[in-house]
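Q: attaching a predicted model along with its sequence, questions to come.
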Amino acid sequence: MYDENLEKSFIGNVMVSRDAALTLADIESVMKPEDIGGDDAKKTFSIIKKLVESNKQVNPATLVQGGADINFIAEVSSLGISSNQAISEAKLIHSLASKRNLYNAAQSVMQQLVNGEDTASVKTKLSEYINSETEFTKDSTKQISELVVPTIESILTTRDSGGIIGTSTGFKSIDRALGGLLKGSLTIIGARPAMGKTAFALNMAEGAAAKTGLPVLVISLEMNNEMLVKRMFAKTSMIDAGKLRDGSLSPEDLNVLNSAADKLAKMPLWFDDTPIQSFSDIRARALKLKRQRGKIGLVLIDYLGLIETGNERNSNRVNEVSKISRGLKVLSKEIDAPIVALAQLNRGVEQRTDKRPMLSDLRDSGSIEQDADNVMFLYRDDYYNAPEDQNDDDISQVEFIVAKNRNGKRGTIKLAFDKRHNLMSEWIY
């Protein structure tokens with residue numbers, strides 16, 4: 001699946017270039033050498049590269065001396081018109097190569113399925129191939145003169161927005177500390193069970209949707225959609241979550257609940273509760289929403305440890321989680337939106353006197369700390385050191401610990417957790 005005549009014309013046009021080094025640089029911004037399908041054309045192009053790297057002239061004589069087929073060189077020498085034409089042809093060669101590679105990958109997938117290989121593993125391999133395909137969409141190398149004006153504009157925008165340049169978290173104190181959640185950033189929020197992770201995440205999702213007006217995608221691998229929406233109902237209506245669970249609602253409660261439902265229904269919130277998802281599944285859902293809506297305000301994942309890798313055989317969980325965290329970071333740039341992933345912490349936290357989390361407590365951490373732009377933890381001291389007279393429904397103080405902040409300071413922010421209403425708010429008590 002390649003065009004032999006196209007490749008011959010391409011080589012001929014490269015040969016007539018007055019500045020072979022410059023032409024090669026332009027070609028390699030739109031095509032890879034392995035995109036060439038014909039053996040003679042591929043070998044000749046490789047020889048051209050070696051000649052350029054050695055500061056030698058590119059002409060029929062040097063090409064034949066370098067090992068190119070004399071008959072092939074004689075044929076293509078008469079086809080050269082313009083080096084600009086070579087760059088246009090390089091784009092076509094890359095397009096054909098992409099089709100050829102995808103066809104071969106599909107054939108390989110069919111054979112693997114026939115051989116009885118695990119479906120999840122096959123899907124993961126196919127997704128890894130697709131994600132690894134090089135796309136030459138734009139020139140990312142820029143001179144500083146192209147960057148100073150947009151950077152100044154960004155600074156002025158930050159000034160005008162009160163220092164908040166990213167997506168709002170819904171918490172003023174956290175927004176001030178982080179500057180909001182920046183586009184293309186990955187944030188990890190870790191905690192032990194019962195610290196309020198999901199409550200915090202839902203409060204953040206609602207706050208981001210309300211303040212930006214952009215779609216917020218919540219991917220829950222732990223709770224189903226109904227459970228999540230019930231929690232949001234409790235917060236928005238201020239009806240006891242216990243009443244929503246057992247349905248013991250008064251007529252007045254029903255009126256309040258209907259008002260809360262109307263308010264939530266108008267928010268740009270999307271939920272996906274598919275219980276078993278790989279990184280490829282999550283990527284596909286995020287890209288689909290971006291295509292449908294144009295922009296995304298935030299993607300929130302609950303939680304990182306439940307993302308399937310599809311590589312159960314001889315897999316190393318730490319390495320697999322590292323691939324997932326790196327993939328999420330790349331995806332955040334791909335969708336031009338922040339991604340927040342919740343994470344469980346190691347049980348080792350429970351063995352310490354001071355149970356406040358540290359970066360080393362991230363379960364199967366791998367390169368999570370390295371990939372993430374922000375790492376935060378939630379900690380409730382009253383969970384471990386509750387006063388004898390404390391009621392489970394009392395307001396709890398939650399420490400929001402900023403352990404890593406790529407664009408600012410670290411520190412601790414106090415929040416209030418109203419467990420009855422699944423409400424996380426600023427600490428004012």
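A: Cool, the structure landed.
Q: for the rest of this, base every contact and every neighbour count on C-alpha atoms.
A: Will do.
Q: quick one: the strands in the stretch 1-150 of the chain, in order.
A: Taking DSSP state E, counting those that start in this stretch, the stretch 1-150 of the chain contains no strands at all.
Q: how much space separates Val64 from Leu6?
A: Val64 is 21 Å from Leu6, where distance means C-alpha to C-alpha, to the nearest Å.
Q: which stretches of the stretch 151-300 of the chain have low pLDDT?
A: 161, 163 (pLDDT under 70).
Q: right, and Leu113 touches Thr119 too?
A: Yes - Leu113 is in contact with Thr119 according to C-alpha atoms under 8 Å; the separation is 7.1 Å.
Q: what's around the closest residue to Ser82 other than its chain neighbours, how many residues?
A: Nearest residue to Ser82, sequence neighbours excluded (C-alpha to C-alpha, 6 or more residues apart in numbering): Asn13, at 5.3 Å. If you count neighbours by other C-alpha atoms under 10 Å, Asn13 ends up with 24.
Q: distance check, Asn13 against Arg159.
A: Distance from Asn13 to Arg159, by C-alpha to C-alpha: 52 Å.
Q: so what's the residue nearest to Ser82 up against?
A: 79-86 (C-alpha atoms under 8 Å, 6 or more residues apart in numbering).
Q: filter these down to the buried ones.
A: Buried members of the contacts of Asn13, counted by 16 or more other C-alpha atoms under 10 Å: 79-83, 86.
Q: ok, of those residues, which one's closest to Leu202?
A: Nearest to Leu202 among the buried ones among the contacts of Asn13, counting by C-alpha to C-alpha, is Ala86 at 53.4 Å.
Q: show me the contacts for the closest one.
A: 9-11, 13-14, 27.
Q: for Glu426, same thing?
A: Neighbouring residues of Glu426 by C-alpha under 8 Å, 6+ apart: 171-173, 414-416.
Q: may I have the phi/psi pair for it?
A: Per-residue torsions, Glu426: phi -60, psi 150 (degrees, to the nearest 10).
Q: tell me the confidence at it?
A: Looking at Glu426, its pLDDT is 90.
Q: separation between it and Phe417?
A: Glu426 is 9 Å from Phe417, by C-alpha to C-alpha.
Q: list residues touching both of those two?
A: With C-alpha under 8 Å, 6+ apart, Glu426 and Phe417 have no common neighbours.
Q: how does the protein divide into domains?
A: Using automatic domain parsing, the domain ranges for the chain come out as 4-117, 163-426.
Q: between those domains, which gets nearest to Pro150?
A: Taking the domains of the chain one by one with C-alpha to C-alpha, domain 163-426 is closest: 13.9 Å.
Q: which helix or strand contains Leu289?
A: If you go by DSSP states H and E, Leu289 is part of helix 279-293.
Q: pull out the buried positions in that helix.
A: Buried, per 16+ other C-alpha under 10 Å, within helix 279-293: 279-283, 286-287, 289-290.
Q: stretch 382-402 now?
A: Neighbour-count burial for stretch 382-402 flags 395-402 (criterion: 16+ other C-alpha under 10 Å).
Q: could you export these as JSON lines, including secondary structure and pLDDT?
A: Formatted as JSON lines, the buried residues of stretch 382-402 follow (DSSP: H, G, I helix; E, B strand; the rest coil; pLDDT from 0 to 100):
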{"residue": "Ile395", "secondary structure": "coil", "pLDDT": "88"}
{"residue": "Ser396", "secondary structure": "strand", "pLDDT": "89"}
{"residue": "Gln397", "secondary structure": "strand", "pLDDT": "90"}
{"residue": "Val398", "secondary structure": "strand", "pLDDT": "92"}
{"residue": "Glu399", "secondary structure": "strand", "pLDDT": "93"}
{"residue": "Phe400", "secondary structure": "strand", "pLDDT": "94"}
{"residue": "Ile401", "secondary structure": "strand", "pLDDT": "94"}
{"residue": "Val402", "secondary structure": "strand", "pLDDT": "93"}
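Q: out of these, which one sits closest to Gly179?
A: Val402 (12.8 Å).
Q: circling back: so which of the contacts of Ala86 belong to helices?
A: 9-11, 13-14, 27 (DSSP state H).
Q: surely Met15 meets Val58?
A: Yes - using C-alpha under 8 Å, Met15 makes contact with Val58 at a distance of 6.4 Å.
Q: need the contact list for the spatially most central residue of the chain.
A: For the chain, Leu331 is the residue whose C-alpha lies nearest the centre (C-alpha atoms, centre = their mean; 2.3 Å). Leu331 is in contact with 184, 283, counting by C-alpha under 8 Å, 6+ apart.
Q: now it, what's its secondary structure?
A: Secondary structure assignment for Leu331 (DSSP: H, G, I helix; E, B strand; the rest coil): helix.
Q: wasn't Met376 part of a strand?
A: Yes - the assignment for Met376, made by three-state DSSP, places it in a strand.
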